[in-house]
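K.L.:
got a predicted model here, sequence first, then my questions.
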Amino acid sequence: MLATGKDLTVTVEGPESDWRYLLDTHKPPHGENDWFGPLFWPLLRAAAEIPTLRRVFPSTSVNSLVVFRDDEAWKAPVEEQWPAVAVGSDGSYTVRSKAWPRDARELLVTQDPREAARCLAGLIERIMGETGRDLTC
């Protein structure tokens, strides 16, 4: 299990170490003019507590939490673009069908980072389980 407190002592390589790195990097305290950190931190903690998400590789991109099947996402074919959660400066968390493309759909907009993390996990379960790619929360 991944620790999410101040005592991060995970020694497992792979996705777990990437989660640990993000948690270490984005943990409080946050800077005085940092709007993103205080909003991203609760999302990151909530996502790191979900076993499905801990099995994939996390990253950040353009104020978003993005996850990938493996650590070489940049080699993935275009059709293998996974969903992401964007953090808005208004305190919203938007789960999108794709991380970057302009044609990404908004699947959920919420003020609750746990709800956004659960939605993302459900989408990833469907993608990894190959049980259909119905991208809805």
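P.N.:
Sure thing, it's come through.

K.L.:
ok, now which ones touch Glu106?
P.N.:
Thr94, Val95, Arg96, Ser97 (CB atoms under 8 Å, 6 or more residues apart in numbering). Just so you know, the C-beta spots here come from the backbone N, C-alpha and C atoms, and that holds for glycine as well.

K.L.:
using PyMOL, define a selection of the buried residues within those.
P.N.:
Buried members of the contacts of Glu106, defined by 16 or more other CB atoms under 10 Å, are picked up in PyMOL with:
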select buried, resi 94+95+96+97
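
K.L.:
mind giving me CSV with the contacts of Glu106 and columns for secondary structure and pLDDT?
P.N.:
Shown next, in CSV, are the contacts of Glu106 (DSSP: H, G, I helix; E, B strand; the rest coil; pLDDT from 0 to 100):
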residue, secondary structure, pLDDT
Thr94, strand, 97
Val95, strand, 97
Arg96, strand, 95
Ser97, coil, 91
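
K.L.:
I'd like the contacts of Glu106 as JSON lines, with distance to Ala84 appended.
P.N.:
Shown next, in JSON lines, are these (distance: CB to CB, whole Å):
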{"residue": "Thr94", "distance to Ala84": "9"}
{"residue": "Val95", "distance to Ala84": "8"}
{"residue": "Arg96", "distance to Ala84": "5"}
{"residue": "Ser97", "distance to Ala84": "9"}
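
K.L.:
for the contacts of Glu106, which one is nearest Gly122?
P.N.:
Val95 (9.5 Å; CB to CB).

K.L.:
who does that closest one form a beta bridge with?
P.N.:
Beta-bridge partners recorded for Val95 (DSSP bridges): Val85, Leu108.

K.L.:
now do the contacts for it.
P.N.:
Contacts for Val95 (CB under 8 Å, 6+ apart) come out as Pro83, Ala84, Val85, Glu106, Leu107, Leu108, Val109, Ala116, Cys119, Leu120, Leu123, Cys137.
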